[in-house]
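In: This is a predicted model, with the sequence first.
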Amino acid sequence: MDRPSPSAPLRLSDEVATALAAGTPVVALESTIIAHGLPRPRNLAVAVELEDLVRAGGAVPATIAVLDGVPHIGLDKDALERIATDGSLRKLGFRELAPAVATGASGATTVSGTAFLAARAGIRVFATGGLGGVHRDWTTSQDESADLGLLARTRITVVCAGVKSILDVPATLERLETLGVAVLGYRTAEFPGFYLTGSGLPLDWTLDDPAQVAEVMRAQDELGGAESALVVANPVPAAEQLDPELHDRVLGEALAAARAAGVTGQAITPFLLAHLTEHTGGASLEANLAAVRGNVRLAAGIAAARAAEQA
Ligand code: PSU
Ligand code: MN
């Protein structure tokens, strides 16, 4: 276990608690992608599939959400179903956790909310689709996801396929640098483009297998000091990426539609994602899912490599 688990107010599932106590691999999964990032009813099937992929990779899945004011680390079938079907769930980033706990609210956790709770529970590896980041209208809106700041102060390894092109990708990479968050390309020297295999932006570090990632995690621990995260950037396979021309065209339309509708703040990411899914005839959704599946498999491999190293 990476650090002692607080006894309250987190509720660990029996399976997760047992795995953490035994030092067997655990992978945290976020719930915002299920509740707010994917269309129904496909989202429930995906939630179950992602957990199965973690298990197939030799790790225990810990999907994280806040239910009736209790942060849950590891959800049973009923809870997963609730996340996928309850339209009233909040979207909970890190700063929303204490108000949600205090008021008994329920919500799905974003990367920042999930990373915080996972680290508090002693989970070191987390798989998601894409990180939040700097929005394209940042100079006027100042909209930068809380994901970035939280990762600057949380010791966790996040496997992602980059950040969505709905964001300002170069600015997001600059912010990660400023914040001191290392970004490792997994079998690539280019930052992935989420729906696309590449973004055209170079990365300084490339690693080729999960054991190497586990070594970087150990080096972080040995160096000590600042509790920054490690971002492992894992591209969607080229055969499963969205057609780049379709991507560029529909993205431009989605951004214009968001501006026209005056969508801002927490609502903007779900709005753009839904627009892309609809206007690519579902192709963006398939690329999104391919990216997430790959991330979940790799995260399980990293968690297993770390457990083997520490055994
Ligand atoms: N990337 C995805 N799907 C998502 C999100 C990101 O592929 O649903 C979610 C994540 O939960 C991320 C959040 O943490 O959007 C960022 O939202 P905001 O920009 O409001 O911080
Ligand atoms: Mn935001």
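Out: Yep, it's here. Model, not experiment: these values are computed from the prediction. Ligands and ions are numbered 1, 2, ... in the order given.

In: Tell me how many other residues crowd the residue nearest to R82 when sequence neighbours are not counted.
Out: In this structure, R82 finds its nearest non-sequential neighbour in L67, 7.0 Å apart by Cβ to Cβ, 6 or more residues apart in numbering. C-beta: built from backbone N, CA, C; applies to glycine. Using other Cβ atoms under 10 Å, L67 has 22 other residues around it.

In: what does the stretch 151-300 of the chain put close to ligand 1?
Out: K164, Q266, T269 (Cβ under 6 Å from any ligand atom).

In: Now render these as TSV, adding neighbour count.
Out: Converted to TSV, these look like this (neighbours: other Cβ atoms under 10 Å):
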residue	neighbour count
K164	24
Q266	16
T269	25
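
In: correct me, but the residue nearest to R82 touches A79?
Out: Yes: counting by Cβ atoms under 8 Å, L67 touches A79, with 6.2 Å between them.

In: follow-up on the earlier one: in contact with the residue nearest to R82, which residues?
Out: A79, R82, S106 (Cβ atoms under 8 Å, 6 or more residues apart in numbering).

In: What is the nearest of these to T128?
Out: Of all the contacts of L67, A79 has the smallest distance to T128: 18.7 Å, by Cβ to Cβ.

In: Give me the most central residue, the protein.
Out: Nearest to the mean C-alpha position of the chain, counting by Cα atoms, centre = their mean, stands T128 at 2.8 Å.

In: can the residues of the stretch 151-300 of the chain next to ligand 1 go into JSON lines with extra columns for secondary structure and pLDDT?
Out: What follows is these, written out as JSON lines (DSSP: H, G, I helix; E, B strand; the rest coil; pLDDT from 0 to 100):
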{"residue": "K164", "secondary structure": "coil", "pLDDT": "89"}
{"residue": "Q266", "secondary structure": "helix", "pLDDT": "85"}
{"residue": "T269", "secondary structure": "helix", "pLDDT": "86"}
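
In: of those, closest to P237?
Out: Nearest to P237, judged by Cβ to Cβ, of these is K164 at 17.5 Å.

In: That closest one touches P192, doesn't it?
Out: No: counting by Cβ under 8 Å, K164 stays clear of P192, with 10.6 Å between them.

In: I figured I268 hits D137, correct?
Out: No: at 9.3 Å, I268 does not count as touching D137 under the criterion of Cβ under 8 Å.
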